[in-house]
Structure formats: structure tokens, C-alpha cells
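Chemist: Give me a 3D structure for the following:
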Amino acid sequence: MNPNSDISMGIGQKELPPDEGAVFQDLDFEQITTVLQILPALNTGGVERSTVEVAEAIVNAGGRALVVSTGGNMVNEITRVHGVHIKMQVHSKNPFIIYTNIARLVKLIKEHKVDVVHVRSRAPAWSAYFATKQCRKPLVITFHGTYSVSNFFKRKYNAIMTSGDRIIANSRFIAGHMRRIYGVPVNKIRIIPRGVDLLRFDPKKISAERVVALAYKWRLEDGFPVIMLPGRLTRWKGQTLFIDAIKQLDRRDIRCLLVGDSQGRDGYRQELECMVEDLGLGGVVRIVDHCDDMPAAYMLSDIVVSASIDPEAFGRVVIEAQSLGRPVIAAAHGGTKETVIENETGWLVPPNDVGALAKTLEKALNLSPKERTILSQNGMANIRDNFSKETMCAKTLDVYNEVLILSKNFLN
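Modeler: Take a look at the predicted model:
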């Protein structure tokens, strides 16, 4: 049995009894008073961004949005959307702290009259699981990655992510992984892809001044096509593969950017810098730090690449790039296969294949203006129709409503 196809046929409202499904579709979110989201930290990233977006949707729907984390540079984003952030050491994998956090969460759930708990990471999931059991509150878990299953203990530790009343998978790939590795029943899984904020990632709202400012900051000359690989500097994101492909491409009339924070991996950054110099690409490839204005960075680029060596659980880069009409090239594995339409919004290349990546880059660079326009329009339509922030948030609120009703029926 193909687990991915099995999931795609059995997910969502159609797995519920007909009478319950109709109730969930018509339910007003205002029936939920308070939702508590828990994640390790609120630093820059896809999980963190989704947390903020869902918190905003909760508030806009008439609920109260609480977020527990150890803190980070996005805490002010929770405040901005009128949510409440509560600091707690939920990032720690220390068994004693995980155990201590159970009582802390129980107290918080009772004091704030929390209706639904939504957890997004393994360490806090252990605390949240036992806290919700004690408080008899429904638990939603988002399964964000494949996680290492190298031994029995790792597998056991990871399995907590399948213990929710409902489990959100951010792609069909992840849903299939959950079924295959952990045997999660289909009727517990809800597939909700991440979404793009179409107001923030709107080409019409990105001024030329913002794009020029980035070009100046990154010392980019006029007249050179720009190829960008965004992503934190970690080996599995495929930066070395990308550099090898640029070398094989053997063109000096392009500029290539590796955009991402090293997050303390200074040794890897130095390795990349030495690789660029050793291959004679010093004038072609540049490594720049984290960018706070990614919409402008995408608009500055002619091609956006995701060359991840390991499968992406979802792959936010390729949907953000498409939303701004940028052609994308991505490795053909993981969740990325669900977001790129071959030859219509971009191209999928075999993972870890330097030659295929170089060949596809050449193809993208040689697009005619008409071909590029069609690709751009297709990409924007793909994201607008299938991967908007609004759709992601609406489906998440549906899950909250679903588990609340099930919980009330159980308690009655």
C-alpha cells in the first residue's frame, strides 16, 4: 500500500460521520474561548511564522490566543496580533524540566481557562500531553518533520508527536511518513500545508527602493541575472551541491546568493567560503547573512533554488518564491513535490544530482520573456489557489473546533 495515496484519500472532514462533518463546517469559531499554542522558541522560522499567523486568526475569529515559548525575536509579533506570550522553559529536553513543566502547564490551563492546546515540538509535547490529560482538554499536535529514528529511544521520544486527539501534517509526505513509521490512524490526521501571506508577498507592494537597497547592501552589479538559494546555513540544505552546480554551469555572467543565518555554524560557513574561493567563484557566489526583507530578496532574484539533500517536510521557500512570480528549481523529494508544478511553475530535479541542477539552471536562465511571464503567472496562481495563509488558518481553526466538539461529546 502506498501510504501517501492512502492518506490523500482519507483525510479531512470526509473521514468523520456525516452528521459531525456538517456541524464542523458550519461551526462558528467564537465558540472557542482560548487556544494555547506551545513551541520551543519564537525565533525566525516557518514554525514560528505559522504560530503567529494562527494566533492572529484566533483573535480575529473572536477567541483568545496564548503562546508559550522560551522567548525569541518574534515575541513582539504575538503582541502585535493581540495575543499573549507566556515565557516557559519548554525548549529543554531535560527530563526533569519536562516533568516540571507538566504542573506549570496545568496551572496555566486552569488559570486562563484554556479550551484547546496546540503543540508544535517534541519536548513540549511530552509536558502538554500529560497536562491536557490531567485537565481533560483536547490536544492538537503539528508534526513538522521526519525526525531521526536511528534507535528505539529516538523513536519512542518522537512518538509523542502522534499522541494528539488530532495531528496536523504540513504535507502529504509527512502524513505518509506518520502512517508508515508510527502507524497513525488516518482518521486522526489532518493535512494542512503552510500558507503564504499574500499581502506581504504581493509583487505590487514591494517597492523598487526596497529591492535596490538590498542590491546595494549585497554589492550586486546591474545587468547580471541573480540566482538565490535561501535557507539557514546547514549542510542538509544543499549549499555545497549548489556551489558545485554553479561551477559546472561555468558562467561568469550571473550572480549567486546564499541567503541565510549560520545560527552558530561558523565552521560550515567558513567551509563554504573556502569552497567558493577554491573553485574560483569569488566573483560569482556570495554568502550573505539572514535577510529581514525576504519579499524584496525574492524580487531581486531571477531564479530561486531549493537544493535540500534530505526531504523537506514542506518547503516554505518554494511557495514564497512562486507567490512573487519567481521561477523555482527544487529537489524532487519530500513536501516540495506537492508545491512545484513541473514545467509550469518551475522544475523538480533529482536530489543530490549536481549535473541535473546545473542543466536546469541553464534552462531557466535561457527562458524567453514570454516563457518567463507564463511561468510567473502560473506560480502566483498556484499559491493563491492552494497555499494561502487564509486557507491554512481556516483549516487549523476547523481542527480546533473539531476536537472541542469531540471533547464536549466525550465529557457529556
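Chemist: Mind jotting down where the helices sit in the stretch 101-250 of the chain?
Modeler: Listed in chain order, the helices of the stretch 101-250 of the chain (DSSP state H, counting those that start in this stretch) span 122-135, 152-158, 172-182, 208-217, 239-249.
Chemist: The ones you listed: which one's closest to Val90?
Modeler: Val90 lies closest to helix 122-135 among those, at 3.9 Å (C-beta to C-beta). C-beta here means a position set from N, CA and C on the backbone, and glycine is covered the same way.
Chemist: Dump that closest one to CSV, restricted to CA.
Modeler: Output of helix 122-135 as CSV, limited to C-alpha atoms (Å, rounded to 0.1, in the frame of the first residue of the first chain):
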residue,chain,number,x,y,z
ARG,A,122,8.6,17.1,20.8
ALA,A,123,10.0,18.3,24.2
PRO,A,124,6.9,20.5,25.0
ALA,A,125,4.6,17.8,23.6
TRP,A,126,5.6,15.5,26.4
SER,A,127,4.6,18.1,29.0
ALA,A,128,1.5,19.1,27.1
TYR,A,129,0.3,15.5,26.7
PHE,A,130,0.2,14.8,30.5
ALA,A,131,-1.1,18.3,31.3
THR,A,132,-4.0,18.0,28.9
LYS,A,133,-4.8,14.6,30.3
GLN,A,134,-5.0,16.0,33.8
CYS,A,135,-7.1,18.9,32.7
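Chemist: contacting residues around it?
Modeler: Helix 122-135 is contacted from outside by 38-40, 68, 90-93, 98-99, 101-106, 109-110, 114, 117, 119, 138-139, 141, 147, 157-158, 160-161, 163, using C-beta atoms under 8 Å, 6 or more residues apart in numbering.
Chemist: out of those, which are inside strands?
Modeler: 38, 68, 117, 119, 139, 141 (DSSP state E).
Chemist: Top of those by number of neighbours, please.
Modeler: For those, counting by other C-beta atoms under 10 Å, the largest number of neighbours falls to Val117: 31 neighbours.
Chemist: who's in contact with that one?
Modeler: Counting by C-beta under 8 Å, 6+ apart, Val117 makes contact with 35-36, 38, 105, 109, 128, 131-132, 137-140.
Chemist: Which positions in stretch 153-165 come out as buried?
Modeler: Within stretch 153-165, the residues that count as buried by 16 or more other C-beta atoms under 10 Å are 157-165.
Chemist: Please disregard the earlier target; I meant stretch 347-358.
Modeler: Residues of stretch 347-358 classed as buried: 347-349, 351, 353-354, 356-358 (neighbour count, 16+ other C-beta under 10 Å).
Chemist: ditto for stretch 281-293
Modeler: Residues 281, 284-287, 291 are the ones in stretch 281-293 that count as buried (16+ other C-beta under 10 Å).
Chemist: circling back: can you redo the ones in strands among the contacts of helix 122-135 as a markdown table with pLDDT and distance to Asp250?
Modeler: Putting the ones in strands among the contacts of helix 122-135 into a markdown table (pLDDT from 0 to 100; distance: C-beta to C-beta, whole Å) gives the following:
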| residue | pLDDT | distance to Asp250 |
| --- | --- | --- |
| Ile38 | 98 | 49 |
| Val68 | 98 | 51 |
| Val117 | 98 | 54 |
| Val119 | 98 | 49 |
| Leu139 | 97 | 54 |
| Ile141 | 97 | 48 |
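Chemist: closest to Ile329 among these?
Modeler: The shortest approach to Ile329 among these belongs to Ile141, at 32.6 Å (C-beta to C-beta).
Chemist: Check the gap between that closest one and Thr100 for me.
Modeler: 21 Å (C-beta to C-beta, to the nearest Å).
Chemist: In this structure Met161 contacts Ile141, no?
Modeler: Yes. Counting by C-beta atoms under 8 Å, Met161 touches Ile141, with 5.5 Å between them.
Chemist: Can you check which residues contact both of the two?
Modeler: With C-beta under 8 Å, 6+ apart, Met161 and Ile141 have common neighbours 125, 167.
Chemist: right, and the secondary structure at Leu66 would be what?
Modeler: With DSSP: H, G, I helix; E, B strand; the rest coil as the basis, Leu66 sits in strand.
Chemist: Could I get the buried residue list for the lengthiest helix in the chain?
Modeler: Determined from DSSP state H, the single longest helix within the chain is helix 389-411. Buried residues in helix 389-411, counting neighbours by 16+ other C-beta under 10 Å, are found at 389, 391-393, 395-407.
Chemist: can I get the CA coordinates of it in CSV?
Modeler: Provided in CSV are the C-alpha atoms of helix 389-411 (Å, rounded to 0.1, in the frame of the first residue of the first chain):
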residue,chain,number,x,y,z
LYS,A,389,-2.2,31.9,4.8
GLU,A,390,-6.0,32.3,4.9
THR,A,391,-6.6,28.7,3.9
MET,A,392,-4.1,27.4,6.3
CYS,A,393,-5.6,29.4,9.2
ALA,A,394,-9.2,28.5,8.4
LYS,A,395,-8.3,24.8,8.2
THR,A,396,-6.4,25.0,11.6
LEU,A,397,-9.4,26.7,13.2
ASP,A,398,-11.6,23.9,11.8
VAL,A,399,-9.4,21.4,13.6
TYR,A,400,-9.7,23.3,16.9
ASN,A,401,-13.5,23.3,16.6
GLU,A,402,-13.5,19.6,15.7
VAL,A,403,-11.6,18.5,18.8
LEU,A,404,-13.6,20.8,21.0
ILE,A,405,-16.8,19.2,19.9
LEU,A,406,-15.4,15.7,20.3
SER,A,407,-14.2,16.6,23.7
LYS,A,408,-17.5,18.0,24.8
ASN,A,409,-19.3,15.0,23.5
PHE,A,410,-16.9,12.7,25.4
LEU,A,411,-17.3,14.6,28.6
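Chemist: Just give me the residue right at the centre of this protein.
Modeler: Closest to where the C-alpha atoms of the chain average out (C-alpha atoms, centre = their mean) is Gly46, at 3.9 Å.
Chemist: Gly264 and Pro124, how far apart?
Modeler: Distance from Gly264 to Pro124, by C-beta to C-beta: 22 Å.
Chemist: Met178 now?
Modeler: For Met178 relative to Pro124 (C-beta to C-beta), the value is 19 Å.
Chemist: Name the residue in those two with the higher neighbour count.
Modeler: Taking other C-beta under 10 Å, Met178 and Pro124 do not tie; Pro124 has more neighbours (28 against 23).
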